[in-house]
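Pasting the sequence and the predicted model now:
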Amino acid sequence: MEGGNVSGMDLNLRRSRGALFVAFGAQGFSLIALTSEIPTLEKQLHIGDSTVSAVMAAVLVVAALGSLVAGALVGRFGSRIVLRISQLLVLAAIIGVGAAHSLGAALPFLLLIGGAIGAVDATTNMQAVALQRRYGRSIILSFHGVWAFGAAIGSVSATLATNTHTSLLVFYASASAPLAVLLLAVGRFLLAGVKDETIALDADTGKPPAIAWRPMLAVCAVMALAYFADSTVSSAGGLYIQDGLHGHGWQITIVYFAYAVPFMAGRFAGDRLTERFGGVQVGRVGAAIAAVGFVIAVAAPGPLVALLGFGVVGLGISVMAPLCFSAAGRLDPAETGVAVARLNIFNYVGFLFGSALVTGLWGAGVPHRAGLVVPLVGAGAIAAFAFGFSEQRTARYFASQGTKSGGAGEDGGGFSLSEAASTPNAG
């Protein structure tokens with residue numbers, strides 16, 4: 001009987017992990033399918049680059065707010081319910097954008113996408129952190145690897161839609177409808193027990209445990225810098241190929257695919273590397289690789305070498321966000337969700353400044369190669385903050401506070417999560 005319970009627990013964990021893989025993949029596909037079609041969207045909505053920049057900034061601000069709201073809603077409803085609803089809102093709003101032919105018609109849907117994506121980002125990572133605790137080993141990078149796989153498929157699909165002159169409405173509807181059916185089918189297997197842990201109260205105060213800002217600052221800095229680099233490639237990479245290197249056609253639309261394939265490979269390998277070498281070392285090496293990638297792109301004589309450079313950037317940046325979410329999870333052993341939601345804000349801070357700053361410099365007359373030096377420096381600076389990935393540092397912090405952490409291995413490797421490995425209710 002006892003063995004049967006263990007087997008049942010393992011089956012529930014595998015189902016939850018599979019369902020979360022689908023959630024991450026769908027999020028990656030949806031976001032990149034949307035952003036890859038920005039040139040087409042400009043024409044359909046009759047707007048220019050400056051308007052697009054302003055709209056994207058507004059969407060990212062709403063996304064940050066959506067992440068915060070999700071953190072509050074999870075305490076009442078649980079991350080599974082918030083995630084499932086938010087996913088469907090993203091897909092419905094994307095179809096709405098495809099149907100719009102003016103900025104006024106598209107803007108409400110774009111803002112809804114922003115808020116819903118913020119909620120999905122927060123809740124998928126809450127689920128990933130909770131599952132990682134139950135597994136007792138690093139698995140979070142594999143989820144982000146599936147996100148990258150979905151993003152790569154989204155990039156290729158957008159390129160095919162553009163080359164075949166498929167309308168945005170047809171493309172978005174034909175992609176979103178099957179995804180919605182799949183998410184509805186597997187969503188019931190997501191962790192349900194996270195709700196009770198999320199609202200865990202301190203026995204003495206009767207309030208949720210406080211999450212201190214100070215030990216999170218280095219991790220938040222890495223998150224912002226990583227997404228600064230990421231958004232430079234995803235939002236400005238095509239412009240760099242087109243205007244800076246005079247590329248054309250598929251060389252412009254394939255930018256994110258060139259970035260996403262090494263990005264995906266790095267994330268799938270990242271769990272094993274983190275277990276072996278520790279998060280600090282993996283983070284620092286990743287920062288160096290990303291910086292080298294930008295050097296290649298800046299010095300590229302033509303589009304093909306620049307695409308290679310963007311791919312190297314993807315390999316280096318791939319490990320950053322998962323390592324950040326793991327570190328935030330260790331700083332929140334009661335799984336309140338506050339640390340993950342708080343960290344997720346810096347995702348949008350980095351993304352906003354990356355896309356806006358680099359394109360703004362180009363718009364002000366700064367040469368394209370010189371503008372790309374800014375994210376190069378930012379990627380290299382990640383190494384200075386990688387100490388935030390150290391589990392040993394987290395353990396010392398909790399020891400100084402007289403509380404328990406979620407793990408105390410060395411430098412982000414070697415999980416010791418037995419206290420948090422409770423049986424989930426995944427039914």
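Cool, got the structure.

What is whichever strand or helix holds residue 352 packed up against?
Using DSSP states H and E, residue 352 sits in helix 338-363. On a contact count with 3 or more CB pairs under 8 Å, 6 or more residues apart in numbering; DSSP states H and E, helix 338-363 meets helix 49-77, helix 103-135, helix 217-239, helix 320-330, helix 368-371, helix 373-385. In short, each C-beta sits where N, CA and C put it, glycine included.

Can you redo those helices as a markdown table, where the extra columns are mean pLDDT?
Output for the helices and strands packed on helix 338-363, formatted as a markdown table (pLDDT from 0 to 100):
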| stretch | mean pLDDT |
| --- | --- |
| helix 49-77 | 82 |
| helix 103-135 | 91 |
| helix 217-239 | 89 |
| helix 320-330 | 84 |
| helix 368-371 | 92 |
| helix 373-385 | 94 |
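
Ok, which of those comes nearest residue 145?
Ranking these by proximity to residue 145 (CB to CB) places helix 320-330 first, at 8.6 Å.

Compute the inter-axis angle for the closest one and helix 217-239.
On the basis of axes from the mean of the first three to the mean of the last three CA atoms, to 10 degrees, helix 320-330 is oriented at 160 degrees to helix 217-239.

Could you list every helix and strand in contact with helix 320-330?
Applying 3+ CB pairs under 8 Å, 6+ apart, we find helix 320-330 packed against helix 103-135, helix 140-163, helix 217-239, helix 255-277, helix 279-299, helix 338-363, helix 391-401.

quick one: it to chain centroid distance?
11 Å (CA atoms, centre = their mean, to the nearest Å).

Output it in CSV, but only the C-alpha positions, please.
Extracted C-alpha coordinates of helix 320-330, given in CSV (Å, rounded to 0.1, in the frame of the first residue of the first chain):
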residue,chain,number,x,y,z
MET,A,320,19.7,33.2,-16.5
ALA,A,321,16.0,33.4,-16.0
PRO,A,322,15.6,29.8,-14.6
LEU,A,323,18.5,30.3,-12.2
CYS,A,324,16.9,33.5,-11.1
PHE,A,325,13.5,31.8,-10.4
SER,A,326,15.3,29.0,-8.6
ALA,A,327,17.1,31.6,-6.4
ALA,A,328,13.8,33.4,-5.7
GLY,A,329,12.2,30.1,-4.8
ARG,A,330,14.9,29.4,-2.2
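
now it against helix 255-277, angle please.
50 degrees.

what secondary structure does residue 332 sit in?
Under the three-state scheme (DSSP: H, G, I helix; E, B strand; the rest coil), residue 332 adopts coil.

Just list the residues touching the residue lying closest to residue 234 once chain neighbours are set aside, thanks.
Closest residue in space to residue 234, ignoring its immediate chain neighbours: residue 256 at 5.5 Å, by CB to CB, 6 or more residues apart in numbering. Going by CB atoms under 8 Å, 6 or more residues apart in numbering, residue 256 touches 32, 35, 36, 151, 152, 155, 233, 234, 237.
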